[in-house]
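Participant: 3D model of this:
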Amino acid sequence: MQYTEYADAAGFLAKTRTILERDECANNLMLGNCLRLLSESPVFEQPPLFATIDRDGDLALAAVMTPPYPLQIYVENGDVSGVDFLVTELARSGRHIASVIGRESVGRAFAELWSRETGAAARTRVRQLLYELRSVVQPIYPPGYFRVAESGDIELAREWARCFHKDCFHDGESERAVRNAEEKLRHGGLFFWVNGTCVSMAARTRPTPRGEAVCMVYTPPQERGRGYASAVVASLSQRILNEGKTFCTLYTDLDNPTSNSIYRRIGHQPVADSVHIEFE
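Facilitator: Model (predicted):
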């Protein structure tokens, strides 16, 4: 096996883009983040990682980490045999890995090997399903209307971003979510369903050549059960499709049956599992 690190996302995509785009939906997290980096120059807490492992000249594994975000791992044809080689290379280079995200088989293989190599205890943060939508099944819309978030919504966006993060991850480390909401609002990527006042929120993120992700779906507790989340997600998904994308993607918490049923009813179909594991 041959391990290669790249100086930036451009070099990494030159090697991997064709392969990642074969299953653009399942690879939207890695592909979308790397495509975004082609036009941005963010400052990272640690040096980012862009790496591949080849077996007999063919790509076997790809890995990306842009701290403080998790290590993302892709393996070709579900073969996790390259994960052992990746763990050895990362440990040898002294890389700090705070968490990993990927298909459940891949994430758990890495976590087991990384814990064995470094002594770090592994803890599952969240198990998710990745959904794909290609045609919106229009729900029965509740009263109200869909609109883009405006500058005057900034405090509400911050508050709901904190609540969204707490609901999903059950911790107080929400400032990254707040910064994401602020950025999306500034660039027209944050939306509300409004019925007198704002009652539900969703955002768009990670555009790829044929798709885009829906994220940060949040309805405050007192407004739940009224169809607002279905309305805002269906409306945003339809907007993305109307703008020329072939599909939308969306991650859900496997332990939240309500959100999973909402998304299925408006046309989302599960395509892959995912796990996010932290190291303590």
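Participant: Please give the element, helix or strand, for the residue nearest the centre of the chain.
Facilitator: With distances taken as C-alpha atoms, centre = their mean, Leu29 lies nearest the centre of the chain, 5.0 Å away. Assigned by DSSP states H and E, Leu29 belongs to helix 28-37.
Participant: and what of Ile53?
Facilitator: strand 49-55.
Participant: Which stretches in this protein count as strands?
Facilitator: 2-5, 49-55, 58-65, 71-75, 99-102, 122-133, 145-148, 190-195, 197-205, 211-218, 247-253, 269-279 (DSSP state E).
Participant: right, and those - which one's nearest Ile19?
Facilitator: Closest approach to Ile19 among the strands of the chain (C-beta to C-beta): strand 58-65, 5.6 Å. The C-beta positions use only the backbone N, C-alpha and C, and glycine is treated the same way.
Participant: The strand holding Ile53 packs against which elements?
Facilitator: Here strand 49-55 touches strand 2-5, helix 9-22, strand 58-65, helix 81-93, going by 3 or more C-beta pairs under 8 Å, 6 or more residues apart in numbering; DSSP states H and E.
Participant: tell me the angle of the second one relative to strand 49-55?
Facilitator: Think helix 9-22. Put simply, helix 9-22 runs at 60 degrees to strand 49-55, going by axes from the mean of the first three to the mean of the last three C-alpha atoms, to 10 degrees.
Participant: Could you pull up the mean pLDDT of helix 9-22?
Facilitator: Mean per-residue pLDDT for helix 9-22: 97.
Participant: Only alpha carbons, please: show the helix holding Leu29 as CSV.
Facilitator: Extracted C-alpha coordinates of helix 28-37, given in CSV (Å, rounded to 0.1, in the frame of the first residue of the first chain):
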residue,chain,number,x,y,z
ASN,A,28,-21.4,14.6,-0.2
LEU,A,29,-19.7,15.4,3.1
MET,A,30,-16.2,14.8,1.9
LEU,A,31,-16.7,16.0,-1.6
GLY,A,32,-18.8,19.1,-0.7
ASN,A,33,-16.3,20.2,2.0
CYS,A,34,-13.3,19.8,-0.3
LEU,A,35,-15.1,21.7,-3.2
ARG,A,36,-15.8,24.6,-0.7
LEU,A,37,-12.2,24.8,0.2
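Participant: the inter-axis angle of that helix versus strand 71-75?
Facilitator: 120 degrees.
Participant: Tell me what angle helix 28-37 forms with strand 247-253.
Facilitator: Counting by the same axes, to 10 degrees, helix 28-37 lies at 120 degrees to strand 247-253.
Participant: separation between the residue nearest to the centre of the chain and Gly211?
Facilitator: 11 Å (C-beta to C-beta, to the nearest Å).
Participant: now Cys34
Facilitator: 14 Å.
Participant: neighbour-wise, which of the two wins?
Facilitator: Neighbour count, other C-beta atoms under 10 Å: between Cys34 and Gly211, Cys34 has more, with 25 against 22.
Participant: thought that one was touching Ala63?
Facilitator: No. The pair Cys34 / Ala63 is not scored as a contact, 11.5 Å apart, by C-beta atoms under 8 Å.
Participant: where do the contact lists of these two overlap?
Facilitator: Common neighbours of Cys34 and Ala63, counting by C-beta atoms under 8 Å, 6 or more residues apart in numbering, are Phe50.
Participant: tell me the angle the lowest-mean-pLDDT helix or strand in the chain makes with strand 247-253.
Facilitator: In the chain, no helix or strand scores lower on mean pLDDT, DSSP states H and E than helix 257-265, which sits at a mean of 90. Put simply, helix 257-265 runs at 160 degrees to strand 247-253, going by the same axes, to 10 degrees.
Participant: What are the buried residues along helix 257-265?
Facilitator: Across helix 257-265, burial judged by 16 or more other C-beta atoms under 10 Å covers Ser259, Asn260, Ile262, Tyr263, Arg264.
Participant: Make sure the second one is actually in contact with Leu250.
Facilitator: Meaning Asn260. No. Asn260 is beyond contact range of Leu250, at 10.3 Å (criterion: C-beta under 8 Å).
Participant: Let me see the domain layout of the protein.
Facilitator: 2-120, 132-272 (automatic domain parsing).
Participant: so can I have TSV of those domains showing distance to Glu278?
Facilitator: Converted to TSV, the domains of the chain look like this (distance: least, C-beta to C-beta, whole Å):
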stretch	distance to Glu278
domain 2-120	4
domain 132-272	10
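Participant: Ok, which of those domains comes nearest Val126?
Facilitator: Nearest to Val126 among those is domain 132-272; the distance by C-beta to C-beta comes to 5.7 Å.
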